[in-house]
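Trainee: Attaching a predicted model along with its sequence, questions to come.
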Amino acid sequence: MSIPARDRERADALRELLHHHSHQYYVLDTPEIPDAEYDQLFRELQALEEKYPGLLAPDSPTQRVGGKTLEGFAKVRHKVPMLSIRTETDIEASGARNFDARVRRELGLKDGDPAIEYVAELKFDGLAISLRYEGGVLVQAATRGDGEVGEDVTQNIRTVGQIPLKLRGAPPVLEVRGEVYMRRDDFERLNELQREKIARGAKNEKTFVNPRNAAAGAVRQLDPGIARQRPLSFYAYGWGEIEGGPAFETHYELLQALGRWGLPVSDRTVLAMGADELIAYHQAVGRERDGLPFDIDGVVYKVNSLALQKQLGFVTREPRWAVAHKFPAQEQLTTVESIDVYVGRTGKLTPVARLKPVFVGGVTVTNATLHNEDEVHRKDVRVGDTVIVRRAGDVIPEVVAVVPDRRAAGAAVFHMPATCPVCGSAALREEGEADHRCTGGLFCSAQRKHAILHFAQRRALDIEGLGEKLVDQMVDAGVIRTLPDLYRLGLANLVALDRMGDKSAQNVLAALEKSKATTLPRFLYGLGIRHVGESTARDLARHFGNLDGILDASVEQLLQVPDVGPVVAESIHAFFRQPHNREVIEQLRACGLHWEEGEPAARAPQPLSGKTVVLTGTLPTLSRDEAKELLEAAGAKVAGSVSKKTDYVVAGAEAGSKLDKARELGVAILDEDGLRQLLAG
């Protein structure tokens, strides 16, 4: 079929236009047109190629779409071998110094001779790939393989948006060497999709262990359609065969040329003079490593001069002019020796894997959090398992995955205990929650410090001077075991503590005495009942009028309290059913804590009932807590973020992003005067 000149010209123009916009989007990260407009251009080209098959070209953007499933991968012999580089195992600064000393020795340089110029770049943790361009068009992509022969993965590589199908101004023949990898955010999204598939009952689906495995698996996927669904990225860092084109004197110049021709080159590649600048680069990247959007396992140093590279040559198939300077491994294999349950200060029960000690991420790791029972079951971690442990920077070590082939027969499935391992109280998991919690509350020693600090805070019993350091001392010294012990303190107990003189001790005792006269809402809030904040405490006090009515209330009676739902009602009921919690309350009363009680009060009309308000910035006369109290007393819900459901935003001086969000959504904005008018209205 003859192709009209107009359609041929339009197809050529569309290809050039789509190549340009792909480069702007994937390589430069500066898209010039919306996705919808790109899609429209793409569909137009696709329609022309379907109408006139003779228009179809290997460099067409439409060829990024996965084709038919492959029977297997063809073998590709590299025109220039893809050699590995030597690894410097000394993770300290001497690794760079050792390399520089070797290079200088090989070149016959002496002390006092000029420093050598190097290229320093990131060592990406992905899969090495060779891309062959002929006439600027991508014609073949191959894995490293054994260095001499790799696998033809062209169809899968065509699906990677960052890899150009056509270059601009490149030599007639160009082999580009680089790394296919997966960004951390793309990896998390991929695993989230996998988890959703598994939850829907999909068979033969699994989550991926780490970004490198996910990237390598995508490249070596026999079905290009599946490969296309896995988000991959690419950086070029070298080359193989080159025919024609300009001559270059340095490695860095050629890297810059790769970028001009349309290939993504890392902007973290730098020039470094001598060992000291290599060391500085290694240390700087090491500090930034955990904040990078992708995984790296070290940095690479290369002699910049191509003439010096040629002079240095190779040894045992490794270039003398390059080295990989590794960072401490962030993943290692070890064994789960036990799964213990840790009780946090808020009563949350967390399963923790006790590990056979392993050096990972620069430290010796013996424990790794398993988060909750669902996470243990999702990863199927069992005592005795061989597991992959990951640690990045200061992040708490985690078990990434189990190595199922090494599991011993009969390994038992983990189940969360029914009782708290610290105090023996019931451990409950509320509906819709992932965590189990100890119901021991005031009785549980694991929660003791948190319970005391919560009880003493300004919005509860307001015990001035009873701060974190003092509470730590008193609990650690055994002076306080339960809340009533606060009111049994004597001067001698306090003076015996570090940095506590007579005057300070007397001030604490005076504050404790003053706190005995309180209110029922403050007392209820101070007990630290899960899900009971200040607003719920006020509602309970207003509804029942007295503490005994709340202590003996059934779930059904609690549900009659405004804004108390099933979860909150169950939590309150469970707390007061625990004998040790009731005992603590009776002892506090016996110590002299008192408040005014009365009959249940009729609920007064509340002008802001059902309204959601957000506070931001600094108000002229009201503190944030005072404004919140006034709003909640008027029936409003005070939220922490602005959404379409927000009715008002009260903004003071130095209001930030919440104010911008309110303007964007058209939410009513008030100053302090407007707030007072709203409360009065």
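Mentor: That came through fine.

Trainee: All the helices of the stretch 1-150 of the chain, residue numbers only.
Mentor: Secondary structure of the stretch 1-150 of the chain, counting by DSSP state H, counting those that start in this stretch: helices at 5-22, 35-51, 94-107.

Trainee: how many neighbours does Pro53 have?
Mentor: Around Pro53 there are 9 other residues, counting by other CB atoms under 10 Å. Yep, even glycine has a C-beta here, placed from its N, CA and C like the rest.

Trainee: what packs against the host helix or strand of Gln256?
Mentor: Gln256 belongs to helix 251-260 when assigned by DSSP states H and E. Applying 3 or more CB pairs under 8 Å, 6 or more residues apart in numbering; DSSP states H and E, we find helix 251-260 packed against strand 117-124, strand 233-243, helix 306-312.

Trainee: Would you reformat those as CSV and include mean pLDDT?
Mentor: Shown next, in CSV, are these (pLDDT from 0 to 100):
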stretch, mean pLDDT
strand 117-124, 96
strand 233-243, 94
helix 306-312, 95
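
Trainee: okay, the ones you listed, which one's buried deepest?
Mentor: strand 117-124 (a mean of 23; mean count of other CB atoms under 10 Å).

Trainee: and the angle from the helix holding Gln256 to strand 117-124?
Mentor: 50 degrees (axes from the mean of the first three to the mean of the last three CA atoms, to 10 degrees).

Trainee: before we move on, back to that, mind putting the helices and strands packed on helix 251-260 into a markdown table with distance to Tyr252?
Mentor: Converted to a markdown table, the helices and strands packed on helix 251-260 look like this (distance: least, CB to CB, whole Å):
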| stretch | distance to Tyr252 |
| --- | --- |
| strand 117-124 | 5 |
| strand 233-243 | 11 |
| helix 306-312 | 10 |
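
Trainee: And the strands in the stretch 401-550 of the chain?
Mentor: For the stretch 401-550 of the chain, the strands defined by DSSP state E, counting those that start in this stretch cover 427-429, 436-438.

Trainee: Of these, flag the one that's most buried.
Mentor: Of the strands of the stretch 401-550 of the chain, strand 436-438 is the most buried (mean count of other CB under 10 Å), at a mean of 24.

Trainee: Enumerate the positions of the helix or strand hosting Leu631 that are buried.
Mentor: In the assignment (DSSP H and E), Leu631 maps to helix 624-633. Within helix 624-633, the residues that count as buried by 16 or more other CB atoms under 10 Å are Ala627, Lys628, Glu629, Leu630, Leu631, Glu632.

Trainee: follow-up on the earlier one: please convert the strands of the stretch 401-550 of the chain to a markdown table, extending it with mean pLDDT and distance to Leu138.
Mentor: As requested, the strands of the stretch 401-550 of the chain are arranged in a markdown table below (pLDDT from 0 to 100; distance: least, CB to CB, whole Å):
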| stretch | mean pLDDT | distance to Leu138 |
| --- | --- | --- |
| strand 427-429 | 88 | 54 |
| strand 436-438 | 90 | 54 |
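
Trainee: Reformat the ones you listed as CSV; add distance to Ala418.
Mentor: As requested, the strands of the stretch 401-550 of the chain are exported to CSV (distance: least, CB to CB, whole Å):
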stretch, distance to Ala418
strand 427-429, 6
strand 436-438, 9
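
Trainee: Can you say which of these is nearest to His325?
Mentor: strand 436-438 (45.1 Å; CB to CB).

Trainee: about what we covered before: of the helices and strands packed on helix 251-260, which is nearest Gly201?
Mentor: strand 233-243 (31.4 Å).

Trainee: List the contacts of that closest one.
Mentor: 78-80, 82, 121-122, 124, 129-132, 160, 162-163, 171-183, 186, 254-255, 258-259, 263-266, 269, 294, 300 (CB atoms under 8 Å, 6 or more residues apart in numbering).

Trainee: Ok, stretch 310-330 next?
Mentor: 81, 83-89, 91, 95-96, 99, 102-103, 106-107, 123, 147, 278, 282, 286, 289, 295-303, 308-309, 359-362, 390-392.

Trainee: Can you say which of the residues you listed are buried?
Mentor: Buried among the contacts of stretch 310-330 (16+ other CB under 10 Å): 83, 85, 88, 91, 95-96, 99, 102-103, 106, 123, 278, 282, 286, 289, 295-303, 308-309, 360-361, 390-392.

Trainee: rewinding a little: among the helices of the stretch 1-150 of the chain, show me which one is buried the most.
Mentor: Highest mean neighbour count among the helices of the stretch 1-150 of the chain (mean count of other CB under 10 Å): helix 94-107, a mean of 18.

Trainee: Remind me what that helix packs against, helices and strands.
Mentor: Partner elements for helix 94-107 (3+ CB pairs under 8 Å, 6+ apart): strand 86-88, helix 274-288, strand 296-303, helix 306-312, strand 322-326.
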